[in-house]
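Peer 1: Need the 3D shape of this:
(one chain, ligands or ions: 3)
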Amino acid sequence: MDNIIFIGMPAVGKSSVGIVVAKRLGYRFVDTDLLIQEQEGKLLKEIIAEVGNEGFLKIENQVNRDVKATRSVISPGGSVVYCEEAMEHFKEIGTVVYLKASFGNIRRRIRSLKKRGVVLKDGQTFRNLYEERTALFEKYADIIVDEDGFRMEETVENVFRALDDYRKREIEGEK
Ligand SMILES: Nc1ncnc2c1ncn2[C@@H]1O[C@H](COP(=O)(O)OP(=O)(O)O)[C@@H](O)[C@H]1O
Ligand SMILES: O=C(O)C1=C[C@@H](OP(=O)(O)O)[C@@H](O)[C@H](O)C1
Ligand SMILES: [Mg+2]
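Peer 2: Ligands and ions are numbered 1, 2, ... in the order given. Predicted coordinates for the structure are as follows:
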């Protein structure tokens, strides 16, 4: 199935880059955070406040694992990398693109971690969360696109270039 799935830290641009990529390809755009909010009838930060991180990750796993999509760009929340079934599903239905930015860049973009509803364990620093997730993003990524030093429009171009290269390598591999 021809889907593109963006993973990466919160505020890296999964949703904003994702929607532009979808529009250019004539694909559907699915922000699975919105599916979670629709299903639960609440905002993400309200869900996290009510059921805690573990409860939220269960819902996030279920919603993302159950996504049925073709010719779609899918942008889940940054914490989806903790959801094993969801990530296995994404690997099966499409190409996983890790949008990568430095710790400093992400930290600057996220002013309030609480308001943004980042899934941070008690006592965990944002630096530790960044490092813990980086290992998971790299594990699941088919493609890594480095965002540092690029404007959003340039990142979109870099995503298309990386996807083209990846497809070419896949075809070469099949020969
Ligand atoms: N170079 C860049 N690439 C992508 N987003 C950027 C860039 N510079 C600033 N931003 C901003 O960062 C934010 C990314 O938010 P969002 O798309 O919601 O990310 P995510 O879905 O990964 O949490 C947007 O407000 C976007 O305008
Ligand atoms: O990384 C996280 O812990 C989260 C990221 C959010 O999505 P974005 O990555 O789209 O900001 C959202 O799913 C939730 O608030 C938790
Ligand atoms: Mg998003």
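Peer 1: Can the lengthiest strand in the chain be said to contact ligand 2?
Peer 2: In terms of residue count, the longest strand belonging to the chain (DSSP state E) is strand 94-100. No - with CB under 6 Å from any ligand atom as the criterion, ligand 2 is not reached by strand 94-100; the gap is at least 10.0 Å. Glycine gets a C-beta too; all of them are placed from N, C-alpha and C.
Peer 1: ok, now stretch 120-129?
Peer 2: No - Stretch 120-129 lies apart from ligand 2 when judged by CB under 6 Å from any ligand atom; the minimum separation is 7.1 Å.
Peer 1: Contacts (any at all) between ligand 1 and that stretch?
Peer 2: No - with CB under 6 Å from any ligand atom as the criterion, ligand 1 is not reached by stretch 120-129; the gap is at least 13.9 Å.
Peer 1: List the buried residues for that stretch?
Peer 2: Residues 120, 129 are the ones in stretch 120-129 that count as buried (16 or more other CB atoms under 10 Å).
Peer 1: what does it rub up against?
Peer 2: Residues from elsewhere that reach stretch 120-129 (CB atoms under 8 Å, 6 or more residues apart in numbering): 53, 103, 107, 110, 113, 118.
Peer 1: Selecting buried members of these in PyMOL, what would you type?
Peer 2: Applied in PyMOL, the following selects the buried portion of the contacts of stretch 120-129 according to 16+ other CB under 10 Å:
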select buried, resi 53+107+118
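Peer 1: Glu60: which of the contacts of stretch 120-129 is nearest?
Peer 2: Asn53 (10.0 Å; CB to CB).
Peer 1: and that closest one, what does it touch?
Peer 2: 119-121.
Peer 1: Also compute the angle for the one helix or strand Arg133 maps to relative to strand 94-100, please.
Peer 2: Assigned by DSSP states H and E, Arg133 belongs to helix 126-140. Interaxial angle of helix 126-140 relative to strand 94-100 (axes from the mean of the first three to the mean of the last three CA atoms, to 10 degrees): 150 degrees.
Peer 1: How far does stretch 160-175 sit from its chain's centre?
Peer 2: Averaging C-alpha positions (CA atoms, centre = their mean, to the nearest Å) puts stretch 160-175 21 Å from its chain's average.
Peer 1: buried stuff in that stretch?
Peer 2: Result for stretch 160-175 [16+ other CB under 10 Å]: buried residues 162-163.
Peer 1: cool, and stretch 70-83?
Peer 2: Buried residues in stretch 70-83 (16+ other CB under 10 Å): 72-83.
Peer 1: hmm, it touching ligand 2?
Peer 2: Yes - residues of stretch 70-83 are located near ligand 2 by CB under 6 Å from any ligand atom, namely 77-79.
Peer 1: can you put the residues you listed in a markdown table and add distance to Met87, secondary structure and pLDDT?
Peer 2: A markdown table is the format used below for the residues of stretch 70-83 next to ligand 2 (distance: CB to CB, whole Å; DSSP: H, G, I helix; E, B strand; the rest coil; pLDDT from 0 to 100):
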| residue | distance to Met87 | secondary structure | pLDDT |
| --- | --- | --- | --- |
| Gly77 | 13 | coil | 97 |
| Gly78 | 13 | helix | 97 |
| Ser79 | 11 | helix | 98 |
